[in-house]
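Student: model this:
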Amino acid sequence: MKKTLAGLLVLLISLPVHGEGKSVQTPYKPAKVVFDIFLDDPNKMGSALYWLRSLMNPLLDSPYDYSPEELSIKVVIHGTEIVTVARKNEKKYQEVVDRMRYYAELGVEFKVCGQASEDFGYSVKDFQDFIQVVPNAITELAHWQQEGYALITPQIYVKRIPIEKIR
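Tutor: Below you'll find the predicted structure:
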């Protein structure tokens, strides 16, 4: 019995003690990012913009306190979400347009693929005033990556399981 208790005591003492997680402040630099937006449903554009917010907010807030002018962010749009920036659809997508206009005022450049816009039957004059139409989305994405921009491609999924259920 003494050997068993002694053995258990040695075993308990040798078990690692697990603590809690730690908060760290990564020394982030001002962002140089190009977002690749290609969605299968224009109603997902609002969710895609949360990726932009998730990049910008921490960099603009303390402890980093970068100004919007210090960030260089491009958003290349070339999927069904093109319809959200067509002037004729502004009322339908008002919330998304307002958010994009806000980010554009902070210096974010929104670019639409010229080839895709033709597929949708749009010309340059059909888009919001903060939109730049570029010849091709893929070529544009390659260009900015060659200029040293990080590529972020938002993945938008339909949540099928409530967080409370999987927590």
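Student: count of residues packed around residue 126?
Tutor: Using other C-beta atoms under 10 Å, the number of residues around residue 126 comes to 18. The way it works is simple: take the backbone N, C-alpha and C, and place the C-beta from them, glycine included.
Student: who touches it in this structure?
Tutor: When contacts are counted by C-beta atoms under 8 Å, 6 or more residues apart in numbering, residue 126 is found next to 86-88, 117.
Student: and stretch 105-125, how far apart are its ends?
Tutor: 20 Å (C-alpha to C-alpha, to the nearest Å).
Student: touching that stretch from outside, list them.
Tutor: Under C-beta under 8 Å, 6+ apart, the answer for stretch 105-125 is 52, 56, 68-69, 71-79, 82-83, 85-86, 100, 103-104, 126-127, 130-138, 140.
Student: repeat that with 7 Å
Tutor: 52, 68-69, 71, 73-78, 82-83, 85-86, 100, 104, 127, 130-137, 140 (C-beta atoms under 7 Å, 6 or more residues apart in numbering).
Student: now the buried members of those residues.
Tutor: Neighbour-count burial (16 or more other C-beta atoms under 10 Å) applied to these gives 52, 71, 73-78, 82, 85-86, 100, 104, 127, 130-131, 133-134, 137, 140.
Student: out of the contacts of stretch 105-125, which sit inside helices?
Tutor: Among those, the members found in helices (DSSP state H) are 52, 100, 104, 137, 140.
Student: ok, for the second one, nearest residue in space, not its chain neighbours?
Tutor: Leaving aside its chain neighbours, residue 100 sits nearest to residue 110 (5.9 Å; criterion: C-beta to C-beta, 6 or more residues apart in numbering).
Student: direction included, what does the helix or strand containing the one you found pair against?
Tutor: Residue 110 is part of strand 109-113 when elements are defined by DSSP states H and E. Sheet pairing of strand 109-113 (DSSP bridges) gives strand 72-77 (parallel), strand 131-134 (parallel).
Student: nearest to residue 154, out of these?
Tutor: Comparison of these against residue 154 by C-beta to C-beta identifies strand 72-77 as nearest, at 9.8 Å.
Student: need the residues that contact the closest one.
Tutor: With contact meaning C-beta under 7 Å, 6+ apart, strand 72-77 is reached by 31-37, 52, 85, 108-113, 137, 140-141, 144, 149.
Student: would you mind measuring from residue 124 to residue 86?
Tutor: As for residue 124, its distance to residue 86 is 11 Å (criterion: C-beta to C-beta, to the nearest Å).
Student: now residue 57
Tutor: The gap separating residue 57 from residue 86 is 28 Å, by C-beta to C-beta.
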